[in-house]
Each structure stands twice: as structure tokens, then as C-alpha cells.
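> Kindly return the folded structure for what I paste below:
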Amino acid sequence: MVELVLSFFGNYLIEFMMCLLTGALLFRYAAYKHSKDDEAYYSRFTRELDTCVSEDKGKGVKVEDVDSYLSNVLGRVNEKLPANSLRFSSNKNITGRESEDEDDARLSLGDYVGSKHGLIASIQAESAIFNVQVPPDFDELTDRIMNEDKNWTQLYGHIPIEGISRTIDILPSLFIVFGVFGTFIGIAMALPEIANIDFKNLEGSSENLTRFVINVAFSMKTSIVGILFNLILTFLNTFFPIQDMRFRTFKKVETSLQILWYHIQNDSKKDKDVFPQMLIVLKDILGRLDRIEKKDEKRNDKEAA
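The predicted structure is shown next:
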């Protein structure tokens, strides 16, 4: 079994590394382009959401009902989004039928993969969070909302983008490992040839000597190829990072959700009604503490007398 493995990699390791690099470059290009579309997609949404919230603050809009306000502001955001979709190039609606006119060919942000997976629908599904006056974990909230978006989590609807990104990030190191592995294989295949070389009759041992040189050359080539492929992917990962782009997009959505939550809580009538209640409770607690303190003083006076 070991000999078969060594024989296979001894003959096809460089070809295997080339196929691996080709696949990595193809998936990397697709994932990077997809992430760029996501960045533009979510940036437009967060920009419109922040604009709507700022307009409401400037107009002094009061939040009487959190659910109604949330539906209203998200509906306004959806109306301001571009008519053309950033993720879909074909003129088909979500049912897959050809559109009859230009308006039908447009996909809104909330409808791009169906209503139950739309970003706006996902935020509305978390409306209970905006009714709670205790600040939530916005990182976890954003993660839940964005994971409902199949275009955010999957490439071509089936391949996990996070898995691709992590694999591409570790490939440069793997190519170095493959290069060293090939070097040792070449040396292991070359050393036995030395025993078959008759140094007194080099002409008769020319075949053994040729195989020895070929194996040594193979060991050097694999190291060179491994280093070269490592440099290629390291350059791409450094100057065209996928994870950093996705992280920036994630943080934009998280920041917009924070702005929306604090706006709702600061301006809601329910929030203003809490302060008088808190004052009443606080006064009651202070009154009880004062009565307890007076009782303790009377008890101490009696004991002193």
C-alpha cells in the first residue's frame, strides 16, 4: 500500500498540485466575485436604512408601536432600493418565468430568494428583539439574520462560502507541505538506485544513474512548484482577501441594526413610560430603607437606655 502511494505521488504529485491550484483559483474567483456582489448589495441596504432612520430623527417621528414602525421603515427602505438586482443577471422573476415587461424583471432586496429568506423578512422575524429594552448581542443577532440569506452563506446555492474561504486560506501552507513531501519521495526513490550503480563500470550503469538523476530532479521540482504555488495564493489572499471583505459587510449590517434598535428604544413611548415607573419604584425602596433605618435607631436608643 505504501509503495502504491509513493509510486502514485512520485509520478503525479506535480500534476496533482497543478489541478489543486486550478480548482482553488476558480473557486476563489467565484467566491471573491460573489462577496463583492454581497458587499455592494448589503451596503446599499444599510445606507438606505440609515438614511430612513436619520430622516425620522430629523422629523421627530415618534415610535408608538414598535412592530408597525419596523414594518414601515423597512418598507420605505425596500422602495428606495435599486430596481435592478445586484445578484441576478437574468431577466427572470423568482418563479423562474420570463418577465413580460421591464418592471417584472426587477427583483427587490426582500424578494431575491423568496419572501421567507429575504433580508427584510429576516429582520421582521426578529421584531421581538426591538421590543425588548435590554440591548441584545448585536453580533449574534446579525449572524442569525444574515445566515437566513442563502446567497450570503452559499455559493451557487450549494457550496458553503465559509468552507471555501477557510480552505483557500490554508492552501498556501499545504503547497509547502506537498513540496517537502515530494522532495522526500524523490530522495526515497533515488537512494536505492545508488546501490545498483557500478562505479567501476559507469557506462553499464547508465540506466540506474539516469533514474537516480530523474528522481533527484523530481524532488527539487516539487519543492520549487510548492513554493511557487504558495506565493501565488499568498499574494491573492493578501491583496484580494475574501474573509476581510465579508467581515466588513457583516459589520455594516450590524452597525445599521444597532442604529435602528437604539432609535426605536430612545423614541418609543413605551420607553418614556418606564422612567416614571422606575422613579416610583426607587422612591418606594428609599422609603423602606428610611423606615428600617429609623427602627434601628429607636432600637439602639432603647438598648442604650
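> For P160, list each beta-bridge partner.
Taking DSSP bridges as the rule, P160 bridges to Q154.
> and it, how many neighbours?
Neighbours of P160 under the rule other CB atoms under 10 Å: 12. C-beta coordinates here come from the backbone N, C-alpha and C atoms, glycine included.
> That one and Q154: what is the separation?
Distance from P160 to Q154, counting by CB to CB, to the nearest Å: 6 Å.
> Repeat that for L260.
Applying CB to CB to L260 and Q154 gives a distance of 26 Å.
> So which of those two has more stuff around it?
The residue with more neighbours, out of L260 and Q154, is L260; 21 against 16, by other CB under 10 Å.
> Skipping its backbone neighbours, what lies nearest the more buried one in space?
Once flanking residues are discounted, L260 sits nearest to V53: 5.9 Å by CB to CB, 6 or more residues apart in numbering.
> secondary structure element for that neighbour?
Here V53, judged by DSSP states H and E, is contained in helix 2-59.
> Who are the packing partners of that helix?
Using 3 or more CB pairs under 8 Å, 6 or more residues apart in numbering; DSSP states H and E, the elements in contact with helix 2-59 are helix 66-80, helix 150-153, strand 154-155, helix 161-195, helix 206-239, helix 243-267.
> closest one to F8 among the ones you listed?
Nearest to F8 among the helices and strands packed on helix 2-59 is helix 161-195; the distance by CB to CB comes to 9.9 Å.
> low pLDDT regions in the stretch 201-305 of the chain?
Within the stretch 201-305 of the chain, the stretches with pLDDT under 70 are 201-205, 267-284, 300-305.
> if we go to 90?
For the stretch 201-305 of the chain, the stretches with pLDDT under 90 are 201-219, 264-305.
> per-residue pLDDT, D103?
On the pLDDT scale, D103 is placed at 38.
> and the helices and strands packed on helix 2-59 as TSV, adding distance to M18?
Formatted as TSV, those follow (distance: least, CB to CB, whole Å):
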stretch	distance to M18
helix 66-80	47
helix 150-153	30
strand 154-155	23
helix 161-195	11
helix 206-239	8
helix 243-267	25
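> out of the ones you listed, nearest to Y29?
helix 206-239 (9.3 Å).
> Just the buried positions in the closest one, please.
Of the residues in helix 206-239, 208-209, 211-212, 215-216, 218-219, 221-223, 225-226, 229-230, 232-233, 236-237 count as buried by neighbour count, 16 or more other CB atoms under 10 Å.
> Same question for stretch 186-194.
In terms of neighbour count (16+ other CB under 10 Å), stretch 186-194 has its buried residues at G186, M189, A190, E193.
> these two touch, right, the third one and N215?
If I follow you right, that is A190. Yes. Counting by CB atoms under 8 Å, A190 does reach N215; the two are 3.5 Å apart.
> element containing P82?
Short version: P82 belongs to no helix or strand, going by DSSP H and E.
> residues near the closest residue to it other than its chain neighbours, how many?
Once flanking residues are discounted, P82 sits nearest to R44: 6.7 Å by CB to CB, 6+ apart. For R44, the neighbour count with other CB under 10 Å is 16.
> ok, so what distance separates R44 from F247?
From R44 to F247 the distance is 18 Å (CB to CB).
> just I145 next, same as before
Using CB to CB, one gets 16 Å for the distance from I145 to F247.
> Between the two, tell me which one has more neighbours.
Neighbour tally, I145 and F247, criterion other CB under 10 Å: the higher count belongs to I145, 21 against 11.
> Tell me who's in contact with the more buried one.
L119, S122, I123, E126, V253, L257 (CB atoms under 8 Å, 6 or more residues apart in numbering).
> What confidence value was assigned to it?
So, for I145, pLDDT stands at 92.
> which parts of the helix or strand where it lies are buried?
I145 is part of helix 138-147, with elements assigned from DSSP H and E. Applying a neighbour-count criterion of 16+ other CB under 10 Å, one finds L141, T142, I145, M146 buried in helix 138-147.
> Which per-residue confidence value corresponds to the residue nearest to G226 when sequence neighbours are not counted?
Nearest residue to G226, sequence neighbours excluded (CB to CB, 6+ apart): G179, at 2.1 Å. The model reports G179 with a pLDDT of 93.
> my guess is G179 meets T222, correct?
Yes. Under the criterion of CB under 8 Å, G179 makes contact with T222 at 5.1 Å.
> so what sits against both of those two?
With contacts defined as CB under 8 Å, 6+ apart, no residue is adjacent to both G179 and T222.
> May I have the distance across stretch 127-144, first residue to last?
In stretch 127-144, first residue to last residue: 13 Å (CA to CA, to the nearest Å).
> pLDDT score for the closest residue to Y156 other than its chain neighbours?
Once flanking residues are discounted, Y156 sits nearest to A30: 7.6 Å by CB to CB, 6+ apart. Looking at A30, its pLDDT is 93.
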